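[1] take a look and give me a structure for this.
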Amino acid sequence: MANRGPSYGLSREVQEKIEQKYDPDLEQRLVDWIVAQCAGGVEKPAAGKEGFQKWLMDGTVLCRLINSLHPKGKEPIKKISESQMAFKQMEKISQFLQAAEAYGVTKTDIFQTVDLWEGKDMAAVQRTLMALGSVAVTNDDGHYKGDPDWFHRKAQGYRREFTEEQLRQGRSLISLQMGSNRGASQSGMTGYAVLCSYLAPACLSA
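    Below is the predicted model of the structure:
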């Protein structure tokens, strides 16, 4: 683990609470996924949080992971640096984080570079990787490798389906309302707004 120096007082208490959130079982699932996803050339780390951090902290495995979720030739990180210089390794972590957010991981699920580099919050690293796996499974674009049950699918927006007859009636009714309801009551306009919320998008796109 990177040398962070001793923790004292409140900072030590905070660090201990953060470390309690780290999940060893989740670590094993993430390791299995990353090894499968990278499809060879990535060996499993030593078990435990320190082994997990050391495995990821130079950024190389993370960059290979995010690239593997994209079609060949469209990888977000075109060249993965092999430099062992600290700033280059931190740069690779940053590249991974930017690519993960662009892929669909929400900003609130993205860890900070220091969380991994200094081992300050490895639970946050786990959270980001779980969110990434969830997006990959949800995308279902053929690039995910591994057991789909390792991650939950993100909820998809409900898409309303209308028949051609319903669309025709909706267009006629909306046109009628727009032409004759200038003096409609508040309650009438509320009903009209609800109708439009259901039918207007489909009518306009038809």
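
[2] now the helices for this protein?
    In the chain, the helices defined using DSSP state H lie at 9-20, 24-38, 49-56, 60-68, 86-103, 113-117, 122-139, 164-180, 186-205.

[3] any stretches of this protein with poor pLDDT?
    1-20, 156-206 (pLDDT under 70).

[4] what is the burial count for the residue nearest to Leu116 when sequence neighbours are not counted?
    Leaving out its chain neighbours, the residue that sits closest to Leu116 by CB to CB, 6 or more residues apart in numbering is Val125, at 5.1 Å. For glycine as for every other residue, the C-beta is placed from the backbone atoms N, C-alpha and C. Using other CB atoms under 10 Å, Val125 has 25 neighbouring residues.

[5] pretty sure Ala36 is touching Gly146, no?
    Yes: between Ala36 and Gly146 there is a contact under CB atoms under 8 Å: 4.2 Å.

[6] in contact with the closest residue to Ser94 other than its chain neighbours, which residues?
    The shortest distance from Ser94 to any non-neighbouring residue, by CB to CB, 6+ apart, is to Thr113 (5.7 Å). Residues near Thr113 by CB atoms under 8 Å, 6 or more residues apart in numbering: Met90, Ile93, Ser94, Leu97.

[7] Thr113 and His152, how far apart?
    Plainly put, Thr113 is 27 Å away from His152 if you go by CB to CB, to the nearest Å.

[8] same question for Gln126.
    15 Å.

[9] who has more neighbours, the two?
    Gln126 (20 against 12).

[10] wait, what's in contact with that one?
    Counting by CB under 8 Å, 6+ apart, Gln126 touches Tyr22, Asp23, Leu26, Glu27, Leu30.

[11] highest neighbour count among those?
    Leu30 (22 neighbours).
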